[in-house]
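Undergrad: Here is my input; please provide its structure:
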Amino acid sequence: MRGISIRLKITMWFTAALILVVLFTYFMILSANRQVLLKTIRDNLIGAVEDNVDEVEFYGNIDGVDLSVEKDLFLPFRGGFLEIDDDFLEQVNEVYTALYDENGTLLYGETLIGEQNHMPGFVNAKVQKLTVDDTLYYVFDRELELEGTERLWLRGVVSEHQGNMQMPDVIRLSLLSLPLLVFISAVGGYLLTKRLFWPIQKISESAAQIATGDDLKKRIEIDGKEDELHWLAERFNEMFERLEQAFEAERQFTADASHELRTPVTVILSQCEFSLEEPRSAEEYEQAIQTIWRQGRKMSGLINDMLNFTRLERNADSYPRGELDLTELVESVCFDMALIKENGIALSCETEEGVTFYGNRELLTRMLTNLITNAYRYGKENGHIAVRLTSGENGTELSVRDDGIGIAAEEQDKIFRRFYQADKSHSGRGTGLGLSMVREIAQFHGGKISVESELGRGSTFVFSAGRASAK
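TA: Here you go, the predicted model:
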């Protein structure tokens, strides 16, 4: 069924299911109809005979009866007369009724079977079956009980063909109506699926235009009622929105990385050209090599940060998570970072005992290290950095507070961007990726990073997440 549209496949399966239902219905109709017809035949047979039981009476004489006016039939019998009412019908609904004496002699009526020797013996009020010339007959006898009619029998006979004559009409109606129903259902199903799949067609067309036209700003526009397909279109629009944001971020990242790498590369090439133009003194060569070394370290740090970023964004599984002692981790990092003592800045650490956290030790260490390094970089001389870890009902909080230069209010929403540095005077001391990495790590752990700062009075960075527990 390759190359066939989904709506056509659905219609085909739907139609095939209907055909199976119709065939099953035919079978059920034939089976049920035959059972019903056979029961109807038997009921008609018994009803016809029972109705005629009271139509036969015995009279000793008929001297006072005007035979020229009387419509009933009078037959001589046992020295008197049998009156057979004019309502006595020879056949009703293909049921033939006849009157017999105890010897089986036909007195009145018509027999359907033909020769008498084919007839079964009389059995009162019981339906008998008889097959003659491959035809099935039903026979029903009733013994008369009125005075003078003793030992007389009414016998009703009906052929199974009575029902067969009615069955073709039922089958003909079924053969016409059920296929017509299948056809109408198939056409209606195809039109319905076409309408239902219209949003999917719009989604496909919009996706194709985005793919071929490189237009991530295009969105799927579908009017109509709210249903699953419209919700799907909305999810696609949300996906396109994220793709656009990711594409723009990637383009901005590439542009920023190129810009950041251009300067050290230019400096390195310039120093190499300067050193190779003519013989230089040992002091000049040493200065050139030191410059190249510094720029090389800057490039190396930038490349490492970029690789870490890419690894975290695209291969998060490479950072397995597990239950760890966050108190021990924070105290260990603070102990090591306190040894820096840059610009006379002191580092203190306050932690709550027994705080555990479900996360990745390497990333959490890097996040705290980046925050403390950032505090050292922008802290004031002989200042102070305070690290604090707490845990409560709302989760865990890890904060890093400094009393440095602070961050302007309009800059606070921008500092987590890649390569963004609020204080240009410190731009040469970092890669501009530290706080961006902090935010990525926080989001990786299902948390968030926030900042409170005031110019000239320092900053406080707070990591908060709910996946923590206290022993």
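Undergrad: Only C-alpha atoms from now on, for both contacts and neighbour counts.
TA: Will do.
Undergrad: shouldn't residue 439 be in contact with residue 417?
TA: No. Between residue 439 and residue 417 there is no contact under Cα atoms under 8 Å: 9.3 Å.
Undergrad: For the stretch 351-471 of the chain, which segments count as strands?
TA: Along the stretch 351-471 of the chain, counting by DSSP state E, counting those that start in this stretch, strands occupy 355-359, 384-392, 395-402, 448-454, 458-465, 468-470.
Undergrad: Sheet-wise, list the partners of the third one with their directions.
TA: Pointing back at strand 395-402 there. Strands that pair with strand 395-402, judged by DSSP bridges, come out as strand 384-392 (antiparallel), strand 458-465 (antiparallel).
Undergrad: Format these as CSV; extra columns: mean neighbour count, mean pLDDT and distance to residue 62.
TA: Below are the strands paired with strand 395-402 laid out as CSV (neighbours: other Cα atoms under 10 Å; pLDDT from 0 to 100; distance: least, Cα to Cα, whole Å):
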stretch, mean neighbour count, mean pLDDT, distance to residue 62
strand 384-392, 19, 92, 119
strand 458-465, 21, 92, 117
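Undergrad: a markdown table for those strands, including distance to residue 445?
TA: Shown next, in a markdown table, are the strands paired with strand 395-402 (distance: least, Cα to Cα, whole Å):
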| stretch | distance to residue 445 |
| --- | --- |
| strand 384-392 | 16 |
| strand 458-465 | 7 |
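Undergrad: Beta-bridge partners for residue 449, please?
TA: residue 463.
Undergrad: before we move on, back to that, between the strands paired with strand 395-402, which one is closest to residue 177.
TA: Of all the strands paired with strand 395-402, it is strand 458-465 that lies closest to residue 177, at 67.4 Å by Cα to Cα.
Undergrad: So which elements touch the longest helix belonging to the chain?
TA: Criterion DSSP state H: the longest helix present in the chain is helix 228-277. For helix 228-277, the packing partners by 3 or more Cα pairs under 8 Å, 6 or more residues apart in numbering; DSSP states H and E come out as helix 198-213, helix 282-314.
Undergrad: Work out the gap between it and the centre of the chain.
TA: 38 Å (Cα atoms, centre = their mean, to the nearest Å).
Undergrad: Now do that helix against helix 282-314: the angle between them, please.
TA: Helix 228-277 and helix 282-314 meet at an angle of 170 degrees, taking axes from the mean of the first three to the mean of the last three Cα atoms, to 10 degrees as the criterion.
Undergrad: Flag the shaky bits of the stretch 51-200 of the chain, pLDDT-wise.
TA: The stretch 51-200 of the chain contains residues with pLDDT under 70 at 64, 66-70, 86-93, 114-118, 162-175, 196.
Undergrad: Strands along that one, start to end?
TA: Taking DSSP E, counting those that start in this stretch as the test, the strands found in the stretch 51-200 of the chain are 56-59, 73-77, 80-84, 91-92, 95-100, 106-109, 127-132, 135-143, 153-159.
Undergrad: could I get the strands of the stretch 351-471 of the chain as JSON lines with distance to residue 14?
TA: Formatted as JSON lines, the strands of the stretch 351-471 of the chain follow (distance: least, Cα to Cα, whole Å):
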{"stretch": "strand 355-359", "distance to residue 14": "51"}
{"stretch": "strand 384-392", "distance to residue 14": "58"}
{"stretch": "strand 395-402", "distance to residue 14": "54"}
{"stretch": "strand 448-454", "distance to residue 14": "51"}
{"stretch": "strand 458-465", "distance to residue 14": "52"}
{"stretch": "strand 468-470", "distance to residue 14": "53"}
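Undergrad: Report the angle between the host helix or strand of residue 44 and strand 127-132.
TA: Taking DSSP states H and E as the definition, residue 44 sits inside helix 6-53. With the same axes, to 10 degrees applied, the angle from helix 6-53 to strand 127-132 works out at 100 degrees.
Undergrad: Return the list of helices and strands in contact with helix 6-53.
TA: Judged by 3+ Cα pairs under 8 Å, 6+ apart, the packing partners of helix 6-53 are strand 95-100, strand 135-143, strand 153-159, helix 161-196.
Undergrad: swap the cut-off to 6 Å and go again
TA: With contacts taken as 3 or more Cα pairs under 6 Å, 6 or more residues apart in numbering; DSSP states H and E, helix 6-53 sits against helix 161-196.
Undergrad: Which residue ranges of the stretch 301-450 of the chain form helices?
TA: Secondary structure of the stretch 301-450 of the chain by DSSP state H, counting those that start in this stretch: the helices cover 326-338, 361-378, 434-444.
Undergrad: Identify each buried residue in the last one, please.
TA: To tie it back to what came earlier, the one meant is helix 434-444. 434-442, 444 (16 or more other Cα atoms under 10 Å).
Undergrad: Check the first one too.
TA: Buried residues in helix 326-338, defined by neighbour count with 16+ other Cα under 10 Å: 326-327, 329-331, 333-334, 337-338.
Undergrad: CSV for those residues, including pLDDT and distance to residue 65?
TA: Below are the buried residues of helix 326-338 laid out as CSV (pLDDT from 0 to 100; distance: Cα to Cα, whole Å):
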residue, pLDDT, distance to residue 65
326, 93, 125
327, 94, 127
329, 94, 129
330, 94, 130
331, 94, 133
333, 92, 134
334, 92, 136
337, 87, 139
338, 88, 141
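Undergrad: And the furthest pair within these?
TA: 326 and 338, at 18.0 Å, using Cα to Cα across the buried residues of helix 326-338.
Undergrad: Counting neighbours, what do you get for residue 56?
TA: The number of residues packed near residue 56 is 20, by other Cα atoms under 10 Å.
Undergrad: Verify the contact between it and residue 74 for me.
TA: No. Between residue 56 and residue 74 there is no contact under Cα atoms under 6 Å: 9.8 Å.
Undergrad: Between these two, which contacts overlap?
TA: Common neighbours of residue 56 and residue 74, using Cα atoms under 6 Å, 6 or more residues apart in numbering, are residue 83.
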